[in-house]
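Q: here is my input; please provide its structure:
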Amino acid sequence: MNKLKVGLISFAHGHANSYFESLRRMPEAEIIGIADEKHSRVEAVTERYGVPYFPDYRDLLATDADAVVICSENVHHARLTIEAARAKKHVLCEKPLGITAPEMEAMIAACRENGVQLMTAFPCRYLPAVADAKAAIDRGDIGEVVAIKGTNRGSNPGGWFTDRTLSGGGAVLDHTVHVMDLMNWMLGSAATEVYAYAGSRFGAGDIDDAGLVHVKFASGVFAVIDTSWSRPRAFPTWGDVTMEIVGTKGVITVDAFAQKNEAYSDVDGKASWSYWGDDMDELMIRDFVLALLSGRPVPVTGEDGLKSAAVALAAYESAKRGQPVSL
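A: Numbers count the residues shown, from 1 in each chain. Sure, this is the predicted structure:
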């Protein structure tokens, strides 16, 4: 069997653990190494599974890897992606794709110029409820879409996420991009205007942990996203992804993580959710690997990542000015 040789660069973002497990279970993929300047972040994984460890990511890029998965702090996405492209490696990059529009454009250009593909990690497209909603919209089940209300409300992740020098932004950047990508995907229309609020309301300090992002699309659709770290530590899980899609002939309500069991524990002292639905990370990783092996375009592009992150960046500008910002 022809296998895709994959390396992972940085486990700074927690999604790296899930992506590693998904790759490990795929017969079509071979993990050839993990690079991270902090050995402690990956030591347990490399020792348990005998995966080669690279203190310097450039040594991993010098191997015969076909592709790399980048889960570094946000500010390093552009540099790592551009260097990987120059080493002729395909790239799956964690969201947000970058922290400025020029650097994301440079990432896309570098991959194009070096004949490799760039995919943005947007696993929410693979959630069953989301995929079903997209299919219903495409069939015209609710007529023409008029408005969308979305949420991506999570817990404060702490660590480097609250350090602007590493993250590039707080909750608005972290949580706008997922639901914005779903809206872009479902509507097939460009965002033209953004009006937003961003602030600190839940104890994150000097970085935004709350936001409301209003978006106008070229098609005439209006949308709003609650993009916040508003969930307390006692909440059963990290957060949510919901959408209410209003059409001229009906409404679709999406609760992306509704496939769950609720458990109540005196030991834990709180409720917990045990998700039994399809693994969105595994489905996304599989699509990435199989697309590259078959020579097909990756399903979620760098351009997709740029379009979603551009809205988040415009939201910060709007919040600063106190008025709408055109895209």
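
Q: and the longest helix seen in the chain, what does it pack onto?
A: The residue-count maximum for a helix in the chain (DSSP state H) belongs to helix 302-321. Judged by 3 or more C-beta pairs under 8 Å, 6 or more residues apart in numbering; DSSP states H and E, helix 302-321 is in contact with helix 101-113, strand 118-120, helix 171-187, strand 191-199, strand 210-217, strand 325-326. For glycine as for every other residue, the C-beta is placed from the backbone atoms N, C-alpha and C.

Q: what about Cys111, distance to Lys5?
A: Relative to Lys5, Cys111 is positioned 18 Å away (C-beta to C-beta, to the nearest Å).

Q: ignore the last one, Asp281
A: On the measure of C-beta to C-beta, Asp281 and Lys5 end up 20 Å apart.

Q: then Leu61?
A: Taking C-beta to C-beta, one finds Leu61 at 12 Å from Lys5.

Q: who has more neighbours, those two?
A: Leu61 (21 against 16; other C-beta atoms under 10 Å).

Q: can you mark which positions in the longest helix of the chain are buried?
A: By 16 or more other C-beta atoms under 10 Å, the buried positions in helix 302-321 come out as 302, 304-316, 318-319.

Q: ok, His13 touching His76?
A: No: taking C-beta atoms under 8 Å as the definition, His13 is not a contact partner of His76, at 10.6 Å.

Q: ok, the two, which is more surrounded?
A: Counted by other C-beta under 10 Å, His13 and His76 do not tie: His13 has more neighbours, with 22 against 17.

Q: residues contacting the worst-scoring helix or strand of the chain on mean pLDDT, please?
A: Sorting the helices and strands of the chain by mean pLDDT, DSSP states H and E puts strand 270-275 at the bottom, at a mean of 81. Strand 270-275 is contacted by residues 234, 236-237, 257, 259-265 when judged by C-beta atoms under 8 Å, 6 or more residues apart in numbering.

Q: from the centre of this structure, point out the most distant residue.
A: Centroid-distance maximum for the chain: Asp266 at 34.0 Å, with C-alpha atoms, centre = their mean.

Q: could you measure it against Asp132, distance?
A: In terms of C-beta to C-beta, Asp266 sits 37 Å off from Asp132.

Q: what mean pLDDT would you report for the longest helix of the chain?
A: Mean pLDDT, helix 302-321: 98.

Q: what is the burial count for the nearest residue to Leu313 once chain neighbours are set aside?
A: Nearest residue to Leu313, sequence neighbours excluded (C-beta to C-beta, 6 or more residues apart in numbering): Ala101, at 6.6 Å. Neighbour count for Ala101, taken as other C-beta under 10 Å: 13.

Q: what does Thr81 give?
A: A count of nearby residues for Thr81, using other C-beta under 10 Å, gives 30.

Q: assumed it was part of a helix.
A: Yes: with DSSP: H, G, I helix; E, B strand; the rest coil as the criterion, Thr81 is part of a helix.

Q: alright, calling it a day.
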